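Novice: mind looking at a prediction? Sequence and model below.
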Amino acid sequence: MTDAVVITGGGSGIGRAIALRVARAGRPVAILDRDLGRARDAARECEESGSVRALAVAADVSDQEDIARAFDLTVAELGGVDGVVANAGIELNGHIADLDLSTWKRVIDTNLTGTFLTVQAAARQLRSAGRGGSIVCVSSPSAFVGFAGGGNAAYGSSKGGVSALVRAAALDLAPDGIRVNGLVPGATDTPMLYFGLEGEERDEERRRLQGLASSQIPLARMADPAEVANAAFWLLSPESSYVTGSHLVCDGGLMAKSANDF
């Protein structure tokens with residue numbers, strides 16, 4: 001593996017952790033993010049961590065031309081791509097009876113359409129290179145189970161679509177030697193969990209979620225982003241060469257547990 005890995009939403013959270021894991025293996029990495037400053041910070045950290053080259057690219061995954069341009073730039077600057085992580089996503093909640101259409105569309109456009117456009121652009125680049133490759137799509141436990149707190153119609157539907165897309169894309173691309181798999185992180189200690197919160201309010205929410213994790217998750221804690229990154233790196237690597245159309249669940253046992261204690 002000498003070609004670059006492209007990571008959408010790579011400027012923070014799980015995406016940034018995956019970028020750093022790739023960097024520690026000495027590989028080039030392209031970090032796509034809507035926030036160019038955040039992408040540049042992550043790219044600098046990747047080069048300090050061992051990447052031979054880290055490229056920061058401003059890109060909106062819901063924009064087809066933007067994604068195509070980002071992949072073209074990556075190939076021009078880094079010389080080729082053999083791994084892609086479709087990670088960019090947002091989570092906006094609301095009771096289904098009250099959820100406004102604009103919120104629904106925003107979540108679907110980013111999480112599902114954005115993943116489709118990323119996979120499509122990746123497939124075109126990988127097929128033209130003719131060397132195969134690996135695509136990892138970040139899904140969620142909400143693709144498979146309902147959240148007990150409810151209010152998850154848009155996010156759950158978007159991630160359910162991502163998981164269905166993984167299976168469809170894996171079948172389409174298998175003849176080209178391109179593997180497509182889903183990564184299913186559970187509760188992970190990232191900025192996305194505390195979006196919009198600052199200071200003591202943020203600290204209080206973190207303590208609340210840590211307490212919830214200790215009682216609800218079999219391993220009794222949230223994941224460190226680096227743990228999820230290790231799972232993604234395995235899916236990108238030749239060690240998973242016979243794995244496609246599958247999902248790697250990295251959730252501390254959450255989905256193995258019934259919500260009921262009787």
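Specialist: Thanks, I have it.
Novice: report the central residue of the chain.
Specialist: N87 (2.2 Å; CA atoms, centre = their mean).
Novice: residues touching that residue, list them.
Specialist: The contact partners of N87, taken as CB atoms under 8 Å, 6 or more residues apart in numbering, are I7, T8, G9, G10, I14, G15, I18, V138. The C-beta positions use only the backbone N, C-alpha and C, and glycine is treated the same way.
Novice: swap in 6 Å and give it another go.
Specialist: I7, T8, G9, G15, V138 (CB atoms under 6 Å, 6 or more residues apart in numbering).
Novice: secondary structure class for the first one?
Specialist: Under DSSP: H, G, I helix; E, B strand; the rest coil, I7 falls in the strand class.
Novice: just the pLDDT for it.
Specialist: Predicted confidence (pLDDT) at I7: the value is 98.
Novice: skipping its backbone neighbours, what lies nearest it in space?
Specialist: Among residues not flanking I7 along the chain, V85 sits closest, at 4.5 Å (CB to CB, 6 or more residues apart in numbering).
Novice: and the nearest residue to P185 once chain neighbours are set aside, how many neighbours?
Specialist: Spatial nearest neighbour of P185, chain neighbours left out: V228 (4.5 Å); criterion: CB to CB, 6+ apart. For V228, the neighbour count with other CB atoms under 10 Å is 27.
Novice: other residues contacting stretch 4-11?
Specialist: 15-16, 18-19, 22, 28-33, 35, 38-39, 42, 61, 74, 78, 81, 83-88, 118.
Novice: R206: which of the contacts of N87 is nearest?
Specialist: G15 (19.9 Å; CB to CB).
Novice: where do the helices sit along the stretch 51-200 of the chain?
Specialist: 64-78, 101-107, 114-129, 153-173, 199-216 (DSSP state H, counting those that start in this stretch).
Novice: immediately after the last one, which helix or strand?
Specialist: Looking back up the chat, that one is helix 199-216. For helix 199-216, the following helix or strand on the C-terminal side (DSSP states H and E) is helix 225-236.
Novice: which strand runs longest in the chain?
Specialist: Criterion DSSP state E: the longest strand present in the chain is strand 178-185.
Novice: then that one to PDB, C-alphas only?
Specialist: Provided in PDB are the C-alpha atoms of strand 178-185 (Å, rounded to 0.1, in the frame of the first residue of the first chain):
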ATOM      1  CA  ILE A 178     -12.500  -3.100  -5.100                       C
ATOM      2  CA  ARG A 179     -13.800  -4.000  -1.700                       C
ATOM      3  CA  VAL A 180     -16.600  -2.000   0.000                       C
ATOM      4  CA  ASN A 181     -17.300  -2.400   3.700                       C
ATOM      5  CA  GLY A 182     -19.100  -0.700   6.500                       C
ATOM      6  CA  LEU A 183     -17.700   0.400   9.800                       C
ATOM      7  CA  VAL A 184     -20.100   0.700  12.700                       C
ATOM      8  CA  PRO A 185     -18.800   2.800  15.600                       C
END
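Novice: show the average pLDDT along that strand.
Specialist: 98.
Novice: contacts for that strand, please.
Specialist: If you take CB under 6 Å, 6+ apart as the criterion, strand 178-185 is touched by 126, 132-139, 163, 166, 169-170, 173, 228, 232, 235, 243-244, 246-250.
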